[in-house]
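*Asks:* coords please:
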Amino acid sequence: MLSKEENDLLCLTGPGTPMGNLFRRFWLPVALSRELPKRDCPPVRLRILSEDLIAFRDTDGKVGLLSRYCPHRGASLFFGRNEEGGLRCVYHGWKFDTTGACVDMPNEPAKCSFKHKIHQNAYPTREAGGVIWAYMGPPETTPALPELEWTRVPQNHVYVHKRFQHCNYLQNVEGEVDSKTGWFYDHADISKAMRPLLVDLDHGYLNEIPGLANPTIENMAAWFWQKLAPQCPGLAEIVIHETPTARCSYRGE
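*Replies:* Numbers count the residues shown, from 1 in each chain. Down below sits the predicted model:
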């Protein structure tokens, strides 16, 4: 069992963390090209290595990757106007190009040079294989973009997609499905065991169901365990979410 300190060392990827510094030395896939389908299209929110970012395709077709919040008042650039070579904050109109340079400040005199002192954090991007890649590390150590085989063939020979997994990267690496054996437990068996329980719970009063006279999420988790464990050998945990931030985890007696 790892300690909290060891878990933090391995799993935290924010700026300045050991693993964050490591990952930032490589080109990372951050979005699909089709998520920014045309010039001046709406921007896309991203969270990469614990950083809130915004991606947009400018008038020339270049992809910019900027810190999400405007340095002026902290407004989200996701709501900005993508137009005429830059992304303009909707709050006070500061406009940034794909390099993070502030190119316009409305209501400032033409001779005012203050905009040249403002720079939004930005990361270089490349497109290959239908994927937008970003390099988030020190400029002096920028590596060559990896020439993976699927990035070098015609686009009609490639299919790319992405998926969200609510875990950190290490949980995915350790818990990935074995490519040779696949799942050892058939999800249909789980559905079969769950179906009669959902019928009992649906459109009824929980405290009228035998065993749920006091239907707290703790008692419900234990109730599900008692019902499912005999039919699902190897059952390890029942988790019930009451709200996005409140949950109960039950691992048996």
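*Asks:* domains of this protein?
*Replies:* 23-154, 187-250 (automatic domain parsing).
*Asks:* Beyond the helix or strand hosting Asn219, next helix or strand please.
*Replies:* Using DSSP states H and E, Asn219 falls within helix 217-228. Per DSSP H and E, helix 217-228 leads on to strand 238-241 as the next helix or strand towards the C-terminus.
*Asks:* What strands flank the next helix or strand after that following strand, and is each parallel or antiparallel?
*Replies:* Sequence-wise, the next helix or strand downstream of strand 238-241 (DSSP H and E) is strand 247-250. Take DSSP bridges as the rule and strand 247-250 pairs in its sheet with strand 238-241 (antiparallel).
*Asks:* Please pull out the lowest mean pLDDT helix or strand from this protein.
*Replies:* The helix or strand of the chain with the poorest confidence is helix 169-175; it has a mean of 81 (mean pLDDT, DSSP states H and E).
*Asks:* Give me the angle between the helix or strand just after that helix and helix 217-228.
*Replies:* Downstream of helix 169-175, the first helix or strand assigned by DSSP H and E is helix 187-201. Relative orientation of helix 187-201 versus helix 217-228 (axes from the mean of the first three to the mean of the last three CA atoms, to 10 degrees): 120 degrees.
*Asks:* chain center to helix 187-201: distance?
*Replies:* 30 Å (CA atoms, centre = their mean, to the nearest Å).
*Asks:* same check, this time on stretch 18-27
*Replies:* 17 Å.
*Asks:* can you tell me the average pLDDT over it?
*Replies:* For stretch 18-27, the mean per-residue pLDDT is 97.
*Asks:* And that stretch, end to end?
*Replies:* 17 Å (CA to CA, to the nearest Å).
*Asks:* returning to what we had before: using JSON lines, lay out the domains of the chain together with mean neighbour count and distance to Asn168.
*Replies:* Just so you know, the C-beta spots here come from the backbone N, C-alpha and C atoms, and that holds for glycine as well. Formatted as JSON lines, the domains of the chain follow (neighbours: other CB atoms under 10 Å; distance: least, CB to CB, whole Å):
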{"stretch": "domain 23-154", "mean neighbour count": "16", "distance to Asn168": "10"}
{"stretch": "domain 187-250", "mean neighbour count": "13", "distance to Asn168": "17"}
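*Asks:* Tell me which of the ones you listed lies nearest to Val173.
*Replies:* Checking those against Val173 by CB to CB gives domain 23-154 as the closest, at 12.5 Å.
*Asks:* which SS state does the residue nearest the centre of the chain fall under?
*Replies:* In the chain, the centroid-proximal residue (CA atoms, centre = their mean) is Arg47; its distance is 5.1 Å. Secondary structure, DSSP: H, G, I helix; E, B strand; the rest coil: Arg47 is strand.
*Asks:* Where does the prediction get shaky in the stretch 151-253 of the chain?
*Replies:* 177-186 (pLDDT under 70).
*Asks:* ok, now with 90
*Replies:* Scanning the stretch 151-253 of the chain for pLDDT under 90 picks out 154-159, 161-194, 196-211, 213, 215, 217, 230-237, 241-247, 249, 251-253.
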